[in-house]
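>>> here is my input, please return the structure:
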Amino acid sequence: MTKRTVLLGLAGVAGAMVLSRQLGSRPEAAYGDGPLAPCPSDPNCALVRVRLAAPTERVEAAALAVVRTHQTWRTGRATSVTPTASGVEATFTVGPFVDRFALTVEPDDAGGSVLWIRSAAQQGRSDLGVNRARVRGIVDRIRTELG
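Below is the predicted model of the structure:
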């Protein structure tokens with residue numbers, strides 16, 4: 001291994017560390033009044049609240065189907081999925097990393113639903129945007145499923 005190869009490797013690692021701090025899954029919001037725990041200040045958590053026009057039961061069914069089948073090379077796959085009274089809890093793995101996922105659906109005043117999603121890494125300080133990408137992908141697929 002040459003000195004140049006070692007230096008390039010170190011520069012790559014340093015660059016990845018800087019990018020991870022800037023591209024990490026910062027909380028989309030710090031909803032203190034929501035049913036899910038707020039994200040910590042570390043950039044390895046994403047929390048969103050989405051309003052949908054569909055009734056709660058339909059959103060819950062779509063969300064469970066989407067989470068059970070969600071798998072991408074970037075955001076991992078669900079290794080355990082547990083339906084709850086108002087949504088779903090899951091564990092996702094991306095390589096050796098494990099992320100906790102929670103989704104809750106509440107009715108809103110207009111007959112639609114409020115979808116709450118939280119995805120957080122169990123370890124580390126940054127996830128290179130994996131949790132944010134997972135949440136966005138799942139929300140998009142739920143919207144598609146609802147039509």
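>>> what's near enough to touch the residue nearest to G95 when sequence neighbours are not counted?
Of all residues not flanking G95 in the chain, G76 sits nearest, at 7.8 Å (CB to CB, 6 or more residues apart in numbering). C-beta: built from backbone N, CA, C; applies to glycine. Contacts for G76 (CB atoms under 8 Å, 6 or more residues apart in numbering) come out as F92, T93, V94, G95, F97, D99, V130, R134.
>>> how far away is F92 from G112?
27 Å (CB to CB, to the nearest Å).
>>> how about D99?
28 Å.
>>> now swap in L103 and tell me
Distance from L103 to G112, by CB to CB: 16 Å.
>>> who has more neighbours out of those two?
Remark: of L103 and G112, L103 carries more neighbours, 26 against 16, as counted by other CB atoms under 10 Å.
>>> give me the residues contacting the strand or helix carrying the more buried one.
Secondary structure assignment for L103, by DSSP states H and E: strand 97-107. Strand 97-107 has contacts (CB under 8 Å, 6+ apart) with 35-36, 55-56, 59-60, 63, 67, 76, 78, 84, 86-93, 113-124, 127, 130-131, 134, 138.
>>> enumerate the positions of that strand that are buried.
Residues of strand 97-107 classed as buried by neighbour count (16 or more other CB atoms under 10 Å): D99, R100, F101, A102, L103, T104, V105.
>>> find the nearest non-adjacent residue to R68, please.
V81 is the one closest to R68 (CB to CB, 6+ apart), at 5.1 Å.
>>> er, R77 actually
Q71 (3.9 Å).
>>> ramachandran coordinates for the one you found?
Backbone torsions for Q71, taken as degrees, to the nearest 10, come to phi -160, psi 120.
>>> that one - how many residues pack around it?
10.
>>> surely it meets T79?
No: counting by CB atoms under 8 Å, T79 is not a contact partner of Q71; they are 10.2 Å apart.
>>> can you pull out the low-pLDDT segments for the chain?
1, 3-32 (pLDDT under 70).
>>> now the helix or strand harbouring I142: buried residues?
Using DSSP H and E, I142 sits in helix 130-146. Buried residues in helix 130-146, counting neighbours by 16+ other CB under 10 Å, are found at 130-136, 138-139, 141-143, 146.
>>> could I get the full set of helices for the protein?
Along the chain, counting by DSSP state H, helices occupy 3-23, 56-69, 130-146.
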